[in-house]
Each structure stands twice: as C-alpha cells, then as structure tokens.
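> Give me the fold of what follows.
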Amino acid sequence: MLTGSGIKIFSGTSHPELAESIARRIGLQLSKAEITRNGVGETSVRIAESVREDDVYIINTGCGEINTALMELCIMIHACKIASARRITAVIPLFPYARQDKKERSRAPITAKLVANMLQRSGCDHVVTMDLHASQIQGFFDVPVDNATSMADRLGVDFALFHKERKKANEVSRMVLVGHVSGKIAILVDDMADTCGTICLAAQHLSEAGASEVYAMVTHGILSGNALQTVKQSTLKKLIVTNTIPQTENVKKCDKIEVIDVGNVLGEVIRRSHYGESVSKLFTEIPY
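Below is the predicted model of the structure:
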C-alpha cells in the first residue's frame, strides 16, 4: 500500500473498472480528470487537480474504440507534462497495435513503433504493459518499458507445442503438434485470443491426440466477431483470460469464460516503480 503524497493515478475511459482495481490494490483514490468529446469526435481533457512534481500514472488500455483511447492517453500525458508532473507513466495493459510490429510486405508501416513514438513525444517517461505480442516492441521505446508477464515455467510439467503456418492474420493454414498429450490435461497458453479460431483448432487437435481435458489460458481476451460461439462449440473446457480489457459481457454470454483480475499485479508494479524497487521480481513472484 502506498502512503504519503507525491503520486497520482488517473484513468482514461477505456477500462475504468481495472483502474479502480489497481487503485484499491495500493490504497489510493483515482485522481480527477474530465474527459469529453465534442460533436466532431475531438477529445478534450482537463486535469482537475494539481500534479506539479508528482509521480503520475495514467491507465488506459487498447480496447473498444482503440484510436480514441490512444489519442485520449496521449492528450492526458501531454496535459500532465505541461502541468509540471515530475514523471509520467502510461499503464497500458493491452498495448494498441501490438500485432503490427514488423514489415509484413513492401511499403507496410510498423505501426507499433509509431505508437511508441506518439507516447514518447506526448511526454511519457515510462510504460507499463502486459504480455507484449512481440518482445521487440520494447526496443521501439527510448524510455523504460516493463512487460509484466510471468508464465508457469516453474510448474515442472511436460511441454508440447504447435508449429503454425499462416497465410494471413487470424487464419492458420497448417498446425502440427510436437509432443505427447495422450491421457493428460492439456493447457494452451497464448498472449491473445481474437477470433479464437486458432486456439479452438489447437484444442481440437489436442482432443484428437488423446488429451483428457483441454484448457486455454490467454492474457488478452479480445474475443471479436464470432469468437464466443466458436469457444462454445469447441472442445475447450475453459478459456481463462485476464481483465486487461473488459470481460463482463463476455462472461454473461459464454459460461466457458473465466476471468483473472490483474489489478493486483499492475498495482504492485506501480508501487514498486514509485519506490524504486525491482519490478523484475514479479516475473517469478505473483502478489496476492
């Protein structure tokens, strides 16, 4: 729990429930900001309290109207910068445009790099995110990036993998299982589930290979299009996601979805960052 002054936590409009969870973890109230949009869709921000010489954390994630959320975050960072905040950290649980991290073809942009540039030019000093789609995105920044993810490498269980070939995004042309799963409980681990075609196809292969039960654990449950129906009809027993983006409606529509709150982890990252403690320790120790 944080004590004393010198820190402010603001929430954008993309995921206020997660921002509240993070604030509760560290025993603070969310600071006040007014965010409005005019008739043509322009975002206006007013920071409603002093941030002079404060350590400021702004929480907004890449979901819903992603372009609006990103612009809102940049404006909030800029507003705090010109209001003389000492340090500004963008807490972005799901990093927008993370899948556009390389040139897929001639004349294609590297949009994740563009987003990194936008955040830095806005005045961001530090970025906290979860399970980046590709680790090279950290190299797009000239400011520190904490990628708060920890997988169960220490469970001491057997490991198998799928070799996937794609013809285009969200469409796997071929999938080959490497490893033995007969008679075992199989747990699929991935960074994100969008249309869920790939993860449900993998579940089918595992069931056909003799797995007794199949679960999936995914950091970012995007669940777009017909994803929920695909999950319902799949051999998955459960799809476990985190709340890096809102999941309330998805849980109502599909009883196979279970959600893990990452507010504790992100709150602990903020606490450690504020006091200058090690963040990398969280890669092996999960806070409660």
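
> Please make it C-alpha for all contacts and neighbour counts, starting now.
Fine.

> now residue 25: how far from residue 260?
Per Cα to Cα, to the nearest Å, residue 25 is found 15 Å from residue 260.

> Tell me which of these two has more neighbours.
Ranked by neighbour count (other Cα atoms under 10 Å), residue 25 and residue 260 place residue 25 first, with 20 against 13.

> Now do the same contact list for that one.
1, 263, 264, 267, 268 (Cα atoms under 8 Å, 6 or more residues apart in numbering).

> Quick check: residue 209 touching residue 184?
No. Contact criterion Cα atoms under 8 Å: residue 209 and residue 184 do not qualify, at 10.0 Å.

> all helices in the stretch 101-250 of the chain, in order from the N-terminus.
For the stretch 101-250 of the chain, applying DSSP state H, counting those that start in this stretch gives helices covering 111-122, 197-208, 227-232, 248-253.

> Out of those, which is closest to residue 64?
Nearest to residue 64 among those is helix 248-253; the distance by Cα to Cα comes to 12.9 Å.

> just to revisit the earlier point, and the contacts of residue 25, which of them are buried?
Buried members of the contacts of residue 25, counted by 16 or more other Cα atoms under 10 Å: 263, 264, 267, 268.

> I'd say residue 10 and residue 29 touch.
No. Applying Cα under 8 Å as the test, residue 10 and residue 29 come out as separate, 9.2 Å apart.

> what residues does the helix or strand where residue 74 lies touch?
Under the criterion of DSSP states H and E, residue 74 resides in helix 66-82. Residues external to helix 66-82 that are found in contact with it (Cα under 8 Å, 6+ apart): 12-14, 43-47, 51, 56, 58, 60-63, 88, 90, 96, 118-119, 122-124.

> Under the pLDDT cut-off, which ranges of the chain? List them.
1-5, 133-144, 146-147, 149-159, 163-174, 283-288 (pLDDT under 70).
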